[in-house]
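Undergrad: Structural data only, the sequence is not supplied:
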C-alpha cells in the first residue's frame with residue numbers, strides 16, 4: 001500500500017451491516033438525511049451525535065420499528081453478500097435469501113419480529129423495558145419464547161413430553177443461566193426484575209437480548225445513568241460478548257469515555273446527516289465533530305480547528 005493510499009478498515013472489508021442512502025421523513029421533517037455507513041463484522045461501532053441528531057431513528061429503521069422513507073439496509077450472515085446475491089434479493093422483492101454459508105437480509109422490508117427472529121438482530125432501548133413483575137430468570141426465558149413454542153409444536157409436543165421439547169427447554173434454561181452468570185445476577189434469579197438496582201437492570205436487558213442469539217446487537221445508550229464502576233463493568237461485558245461470541249455491536253452512547261474506550265469505529269450524526277466516520281482517534285480530532293458538540297454553526301468550524309491546533313502545539 002502506498003503512503004497516499006487510504007487504509008482499508010474492517011467495516012470496509014467485511015461489513016455485517018450496510019446502510020445505504022437512508023432517509024427517514026416525518027411529514028416535512030427530515031430526521032435522517034441520506035445516511036450511509038457500515039458496521040464491520042466483529043466490530044464495536046458507536047453511533048454518536050448531539051441530542052436530536054437522529055440516532056434512535058436510525059436504530060428504529062435498522063430493527064424494523066420504522067420503515068425508511070428511502071434507502072437500503074443490508075445484513076449479511078456468515079460473510080458479506082456478493083453483488084449477485086444482492087441483485088437476486090432486490091429484483092425478486094424478497095426479504096432475504098439464505099445459502100449454506102451465508103444469508104442476506106434487506107431489513108427495510110422486514111417487520112420488527114422478523115428482524116429479530118430471522119435476521120438475528122437484537123436491541124435494547126434507551127428506557128429500560130424489562131418485565132418488572134417477572135423474575136430475572138423468567139425475563140431471559142421470555143426472550144426464547146418463539147424458539148420454545150416452535151420446539152413444543154405450539155404446545156402439543158410439550159403436553160406429550162416429547163424429547164425434542166424436553167431438550168429445547170433444557171437448552172433454553174442453560175442459556176439463561178449462562179447469561180445470568182455473565183452479568184453477575186445468578187443470586188438474583190428468582191427476584192422480580194423490577195427490584196434490581198438500575199445498573200443491574202441494564203445488564204439484565206443486555207443478557208435478555210443475547211439470549212435470542214443475535215449476530216448484531218444494537219444497544220441504545222447502555223451506559224445511561226451508570227456510575228463510573230458500572231460503566232467499567234459494561235465495557236468489560238461488551239468486550240466479552242464480542243470476543244467470546246463473535247457478536248457485532250452497534251451502540252448509541254453519550255458517554256464519550258465508553259465510546260472512546262471500546263469502539264473500533266465511530267459514526268457521527270448531526271441533524272440527521274453524517275458529519276464524520278472513522279476510528280475513534282480520527283473522529284475525536286475532527287473539527288466538525290467538535291463544532292457540533294459545542295453547538296456552533298458551520299462558519300465556526302475553522303475557528304474551532306484553529307483552537308485545537310493551538311492547544312496541541314502548546315502541549316507539545
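TA: Sure thing, it's come through. Predicted, not measured: the structure shown is a model, and the values here were computed from it.

Undergrad: Does residue 182 touch residue 207 like I think?
TA: Yes: at 6.6 Å, residue 182 and residue 207 qualify as touching, with contact defined as CB atoms under 8 Å. To be clear about C-beta, it is placed using only N, CA and C from the backbone, and glycine gets the same treatment.

Undergrad: what about the two, which has more around it?
TA: A direct count of neighbours by other CB atoms under 10 Å for residue 182 and residue 207 places residue 207 higher, at 25 against 18.

Undergrad: Distance-wise, check that one relative to residue 122.
TA: Plainly put, residue 207 is 11 Å away from residue 122 if you go by CB to CB, to the nearest Å.

Undergrad: Same question for residue 95.
TA: The span separating residue 95 from residue 122 equals 18 Å under the rule CB to CB.

Undergrad: higher neighbour count, these two?
TA: With neighbours defined as other CB under 10 Å, residue 95 and residue 122 compare such that residue 122 has more, 23 against 18.

Undergrad: Which pLDDT does the model give residue 165?
TA: Residue-level confidence at residue 165 comes out at 66, pLDDT.

Undergrad: and what of residue 269?
TA: The predicted local confidence for residue 269 comes out at a pLDDT of 95.

Undergrad: The helix or strand it falls within pairs with which strands?
TA: According to DSSP states H and E, residue 269 maps onto strand 265-270. Strand 265-270 has the following strand partners under DSSP bridges: strand 44-48 (parallel), strand 273-278 (antiparallel).

Undergrad: Of the ones you listed, flag the one that's most buried.
TA: With neighbours defined by mean count of other CB atoms under 10 Å, none of the strands paired with strand 265-270 is more surrounded on average than strand 44-48, at a mean of 26.

Undergrad: now it: mean pLDDT?
TA: Per-region confidence: strand 44-48 scores 96 on mean pLDDT.

Undergrad: For that strand, which outside residues touch it?
TA: Outside strand 44-48, the residues that touch it by CB atoms under 8 Å, 6 or more residues apart in numbering are 11, 39, 55, 58-59, 238-239, 242, 248-254, 256, 259, 262-269, 280.

Undergrad: Relative to the whole chain's centre, how far out is that strand?
TA: Here strand 44-48 shows a centroid-to-chain-centroid distance of 8 Å under the convention CA atoms, centre = their mean, to the nearest Å.

Undergrad: which element is residue 232 on?
TA: Short version, using DSSP H and E: residue 232 is in helix 228-245.

Undergrad: Can you point out the buried residues in that helix?
TA: 230, 231, 233, 234, 235, 237, 238, 241, 242 (16 or more other CB atoms under 10 Å).

Undergrad: tell me the contacts of the second one?
TA: In other words, residue 231. Here residue 231 is in contact with 223, 255, 257, 258 (criterion: CB under 8 Å, 6+ apart).

Undergrad: From these, list the buried ones, please.
TA: Applying 16+ other CB under 10 Å to those, the neighbour count classes 223, 255, 258 as buried.

Undergrad: sec struct for the residue nearest to the spatial centre of the chain, please.
TA: Using CA atoms, centre = their mean, the residue of the chain that lies closest to the mean C-alpha position is residue 218, 1.8 Å off. Classification of residue 218 by DSSP: H, G, I helix; E, B strand; the rest coil places it in strand.

Undergrad: where does the chain dip in pLDDT?
TA: Counting by pLDDT under 70, the chain contains low-confidence ranges at 1-8, 99-101, 148-162, 165, 294-316.

Undergrad: if we go to 80?
TA: Counting by pLDDT under 80, the chain has low-confidence residues at 1-10, 79-82, 91-94, 97-102, 145-166, 168, 293-316.

Undergrad: Tell me how it divides into domains.
TA: Structural domains annotated on the chain: 8-120+214-279, 129-212, as defined by automatic domain parsing.

Undergrad: Out of those, which gets nearest to residue 286?
TA: domain 8-120+214-279 (4.4 Å; CB to CB).
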